[in-house]
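Chemist: Based on what follows, work out the 3D shape:
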Amino acid sequence: MKRKCFVFLAFLFLSCDASQTDLQLIPATAAEVLDVIKNANANVVLVNVWATWCVPCVEEFPDIMAVYQQYKSRGLRVVFVSVDFEDQADDARAFLKTQGVDFPTYLKLSDDRAFINTLDPNWSGAMPATWIYDGEGEKRHFWIGKASREQLEKKIRDVLPH
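Modeler: Take a look at the predicted model:
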């Protein structure tokens, strides 16, 4: 009986751990992402729209994570939004895990045009796309394409309170 109880508890523990991984990628509309930005309680919010099948997105990911590690103590929050298809969510979760992402991230819901127009009407939908918001939720920087670590740091330092 003790062995069965131990096996059950071990299974339960592993199941709980698996559900934590599932929470890493939260389905969200653009309006919900904008709410996350406005309620981030951060000095700077970097929003990055990416996908596992987007080569430049994957290439810049380590630099974003390095900058996050460097500036999180100064109030940087990163919001990743995957535009992978729902049937690719497991691939996105696996990628996030290999990159060391340990905070909630989001998976785009709704059709592409509605998502794009709600998130930023000036965005064409090209990726990677990155926005930097200040602590008040005001957009301060936006660009399309892969950025280097140095470029990311410069934009973040520009918005960080001195």
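
Chemist: hang on, residue 35 is in a strand, isn't it?
Modeler: No: in this structure, residue 35 is helix, not part of a strand, as judged by DSSP: H, G, I helix; E, B strand; the rest coil.

Chemist: What about it, how many residues nearby?
Modeler: 13 (other C-beta atoms under 10 Å). Just so you know, the C-beta spots here come from the backbone N, C-alpha and C atoms, and that holds for glycine as well.

Chemist: For it, give me the pLDDT.
Modeler: Turning to residue 35, the model gives it a pLDDT of 97.

Chemist: Roughly how far does it sit from residue 162?
Modeler: According to C-beta to C-beta, to the nearest Å, residue 35 and residue 162 sit 28 Å apart.

Chemist: Kindly report the same for residue 39.
Modeler: Computed with C-beta to C-beta, the distance linking residue 39 and residue 162 is 24 Å.

Chemist: do residue 110 as well
Modeler: Between residue 110 and residue 162 the computed distance is 38 Å (C-beta to C-beta).

Chemist: quick one: which of the two has more around it?
Modeler: For residue 110 versus residue 162, neighbours defined as other C-beta under 10 Å are more numerous around residue 110 (15 against 3).

Chemist: Then the more buried one would be within a helix, right?
Modeler: No: using three-state DSSP, the assignment for residue 110 is coil, not a helix.

Chemist: pretty sure it is touching residue 32, no?
Modeler: No: the pair residue 110 / residue 32 is not scored as a contact, 9.9 Å apart, by C-beta atoms under 8 Å.

Chemist: and for those two, which residues touch both?
Modeler: Listed as contacting both residue 110 and residue 32 by C-beta atoms under 8 Å, 6 or more residues apart in numbering is no residue at all.

Chemist: Contact partners for residue 48?
Modeler: For residue 48, the contact set (C-beta under 8 Å, 6+ apart) comprises 57, 60, 64, 78, 79, 80, 81, 128, 129, 130.

Chemist: do the same with residue 24
Modeler: With contacts defined as C-beta under 8 Å, 6+ apart, residue 24 is in contact with 93, 96, 97, 101, 104, 105.

Chemist: Quick check, central residue of the protein?
Modeler: When the chain is reduced to its mean C-alpha position, the nearest residue by C-alpha atoms, centre = their mean turns out to be residue 80, at 1.4 Å.
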